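Peer 1: Pasting the sequence and the predicted coordinates here, then a few questions.
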Amino acid sequence: MSTWASSGNYDPTAISTFLQTGADYYLVAQAHAHGQVVVSHEIPSNSTKRIKIPDACIGVSVKVMSPYEMLRAEKARFVLGS
């Protein structure tokens, strides 16, 4: 993850924030290591000021989808009780 982030066109502050805050970095790294899919409300961005989860996923070939896509894929049903 750190090699990918550093090799991109991101600002040093964006790279530092992404790698030090932990949650986003860890989420993508974990999915990459175990062949999992990341579910996120974020959308990819062309900004160099912030590394978003979908950008990191795309960068390291991890599948990413929105919560709505995941619910459709899992055929989730929400049934109100009577």
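Peer 2: Sure thing, it's come through. Numbering: from 1, shown residues only.

Peer 1: mind checking the backbone torsions on the residue nearest to the spatial centre of the chain?
Peer 2: The centroid of the chain falls nearest to residue 53 when counting by C-alpha atoms, centre = their mean (2.8 Å). The phi and psi values for residue 53, taken as degrees, to the nearest 10, are phi -50, psi -50.

Peer 1: close enough to count as contact, it and residue 28?
Peer 2: Yes. Residue 53 lies in contact with residue 28 (C-beta atoms under 8 Å); the separation is 6.5 Å. Any C-beta I mention is one placed from the backbone N, CA and C, and that applies to glycine too.

Peer 1: tell me, what's touching the two both at once?
Peer 2: Common contacts of residue 53 and residue 28 (C-beta atoms under 8 Å, 6 or more residues apart in numbering): residue 38.

Peer 1: Not counting its neighbours along the chain, what's nearest residue 73?
Peer 2: residue 65 (7.3 Å; C-beta to C-beta, 6 or more residues apart in numbering).

Peer 1: Could you pull up phi and psi at that neighbour?
Peer 2: Per degrees, to the nearest 10, the backbone of residue 65 is at phi -150, psi 160.

Peer 1: can you pull out the strands in the protein?
Peer 2: 38-39, 64-65 (DSSP state E).

Peer 1: gap between stretch 61-77 and the chain center?
Peer 2: Mean-position distance between stretch 61-77 and its chain equals 13 Å (C-alpha atoms, centre = their mean, to the nearest Å).

Peer 1: Mind listing what's buried along that stretch?
Peer 2: 62, 64-65 (16 or more other C-beta atoms under 10 Å).

Peer 1: Kindly check the end-to-end length of it for me.
Peer 2: End-to-end span of stretch 61-77 (C-alpha to C-alpha, to the nearest Å): 30 Å.
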